[in-house]
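1. Any chance you can model this:
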Amino acid sequence: MNTTAPTVPHKKWVSLLLTLVFALTCLPAALAVDLNVDAGFYFKQSRGGTCTLASAAMMLRRRAYFDGLNDWTDVTENSVRSTAWSNGLAHSFTYKEMQVGYATLPSSTAEKTQLLIKLLQEHPEGIVLYDRSQPHAVLLTDYTNGVFYCSDPAGNISSGRIPLNSSSVSIRGASCYWYVTSDHNAAAVEVDGLHLDGMRYPINIRTGSGMALNGTANSASGVKLTSVQVAILDESDRTVQSAEAQTNASSFAFSSLDSQIRFGELANGTYTYMVVVTDSNGESLCFTTDFTVSDASNSTATYWSVQDTEGEKLSQEVQTAVTDAAQGTWNWLSHLFG
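-> Okay, here's the model as predicted:
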């Protein structure tokens with residue numbers, strides 16, 4: 001049901017306040033830039049035979065950047081070596097709370113292509129792709145406009161993000177990959193015990209493309225969640241899409257609402273993505289972020305939620321402001337979700 005916001009722009013004010021809240025606690029400034037622009041992610045391998053190590057370090061550097069870790073530039077081939085390297089890149093290792101695993105690819109080029117596209121949708125940091133026929137590895141970064149892109153650590157290949165067909169490897173020759181299997185830096189937003197873990201949210205969506213809802217909402221110990229609401233609002237604050245679930249559990253998977261939120265049906269424009277979680281104590285957590293839908297070539301970016309790296313909760317001033325505004329805000333939200 002479409003609901004027009006009040007004449008007094010509560011949503012705009014609340015969104016501004018909450019955007020400030022989450023900017024303080026979980027959203028690094030890095031998320032405002034295009035993923036396909038090199039912010040210092042890429043480098044060349046330090047010596048022969050360490051292409052897998054260098055590619056893994058670039059992958060972890062991007063993941064740390066997305067997580068909002070202030071020391072993401074400290075992720076280097078040498079810093080990763082002690083935990084990841086033993087006469088080759090280990091098939092399983094952990095670095096800065098990021099666990100890396102290994103898997104093989106199917107033999108069919110068509111099946112490999114589809115799997116790699118899916119993996120890149122799930123892993124915005126990229127994956128380490130290994131071509132045994134060379135042998136050589138690259139960091140596969142994204143799939144945009146029907147083209148795979150990568151960063152090749154080989155010294156004789158162009159630096160930065162380049163088309164995969166300009167690198168030393170190919171999809172046809174690729175046989176295996178390394179990827180981030182879990183990331184304990186990615187537990188994000190928390191208010192009074194309510195928190196969102198590993199929740200993906202949009203920044204730029206390509207027209208006609210979907211974005212799967214993932215992650216979980218969780219309550220404090222001894223408290224149950226009572227409702228979880230997700231909505232997409234247009235520039236006029238009208239509800240374009242919404243989904244709601246009533247629950248009586250300590251954890252809720254956003255994937256159960258995935259079929260009701262269809263990003264691929266959105267027309268070009270600017271929207272607001274909103275998540276509201278309420279628990280049995282009457283506490284509520286609201287997450288909002290603006291995003292765009294366009295057919296621009298760089299409109300492929302979605303992000304996982306990230307952690308407040310300083311371990312700080314909401315500032316007392318913001319907590320007080322949210323409390324003072326709560327009555328009017330949640331009344332408005334109840335109308336918003338119909």
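2. In contact with A56, which residues?
-> By CB atoms under 8 Å, 6 or more residues apart in numbering, the residues touching A56 are V80, A84, L89, V100, V128, W178. (Glycine included, C-beta is placed from N, CA and C.)
3. I'd guess it is in a helix, am I close?
-> Yes: the assignment for A56 (DSSP: H, G, I helix; E, B strand; the rest coil) places it in a helix.
4. hang on, M274 packs against D234?
-> No: here M274 lies out of contact with D234, judged by CB atoms under 8 Å, at a distance of 11.9 Å.
5. between these two, which one's more packed in?
-> M274 (24 against 16; other CB atoms under 10 Å).
6. Might you report the residue contacts of that one?
-> S15, Q229, V230, A231, I232, L233, C286, F287, T288, L336.
7. can you put these in CSV and add pLDDT?
-> Formatted as CSV, those follow (pLDDT from 0 to 100):
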residue, pLDDT
S15, 39
Q229, 93
V230, 94
A231, 94
I232, 94
L233, 93
C286, 82
F287, 81
T288, 80
L336, 51
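8. out of those, which one sits closest to A296?
-> I232 (19.2 Å; CB to CB).
9. Neighbours of the closest one, how many?
-> 22.
10. any idea how far it lies from S250?
-> From I232 across to S250, the span is 27 Å (CB to CB, to the nearest Å).
11. cool, and C286?
-> 19 Å.
12. Give me the more crowded residue out of those two.
-> C286 (22 against 16).
13. Run a quick check on that one versus V276, I expect a contact.
-> Yes: with contacts counted by CB under 8 Å, C286 reaches V276, the gap being 5.0 Å.
14. contacting residues around the closest residue to M211 other than its chain neighbours?
-> Spatial nearest neighbour of M211, excluding adjacent residues (CB to CB, 6 or more residues apart in numbering): F263 at 4.6 Å. Each residue near F263 by CB under 8 Å, 6+ apart is listed here: P202, I205, S209, G210, M211, I232, V293.
15. next one: S79
-> Contacts of S79 (CB under 8 Å, 6+ apart): A57, Y95.
16. The one 4 residues further on now?
-> Counting by CB under 8 Å, 6+ apart, T83 touches A90, F93, T94, Y95.
17. Just the ones of the residues you listed in strands?
-> F93, T94, Y95 (DSSP state E).
18. Any idea how many residues pack against the first one?
-> For F93, the neighbour count with other CB under 10 Å is 19.
19. partner residues bridging it?
-> For F93, the beta-bridge partners are V100 (DSSP bridges).
20. Stretch 123-131 - what's its average pLDDT?
-> Over the span of stretch 123-131, the pLDDT mean works out to 93.
21. same thing with stretch 196-203?
-> 77.
22. Could you list the low-pLDDT ranges of the chain?
-> The chain contains residues with pLDDT under 70 at 1-39, 186-192, 297-338.
23. Report the residue ranges of every domain in it.
-> 10-26+186-336, 35-183 (automatic domain parsing).
24. H195 is in contact with F287, correct?
-> No: between F287 and H195 there is no contact under CB under 8 Å: 10.4 Å.
25. The two: which has the busier surroundings?
-> More crowded of F287 and H195, by other CB under 10 Å: F287, with 24 against 20.
26. So the more buried one: helix, strand or coil?
-> Under the three-state scheme (three-state DSSP), F287 adopts strand.
27. which residues in the stretch 51-200 of the chain form helices?
-> Applying DSSP state H, counting those that start in this stretch to the stretch 51-200 of the chain gives helices spanning 51-66, 77-84, 109-122.
28. Could you single out the most deeply buried of those?
-> Mean neighbour count (mean count of other CB atoms under 10 Å) peaks for helix 51-66 among the helices of the stretch 51-200 of the chain, with a mean of 26.
29. quick one, that helix and helix 77-84 angle?
-> Using axes from the mean of the first three to the mean of the last three CA atoms, to 10 degrees, the direction of helix 51-66 lies 100 degrees away from that of helix 77-84.
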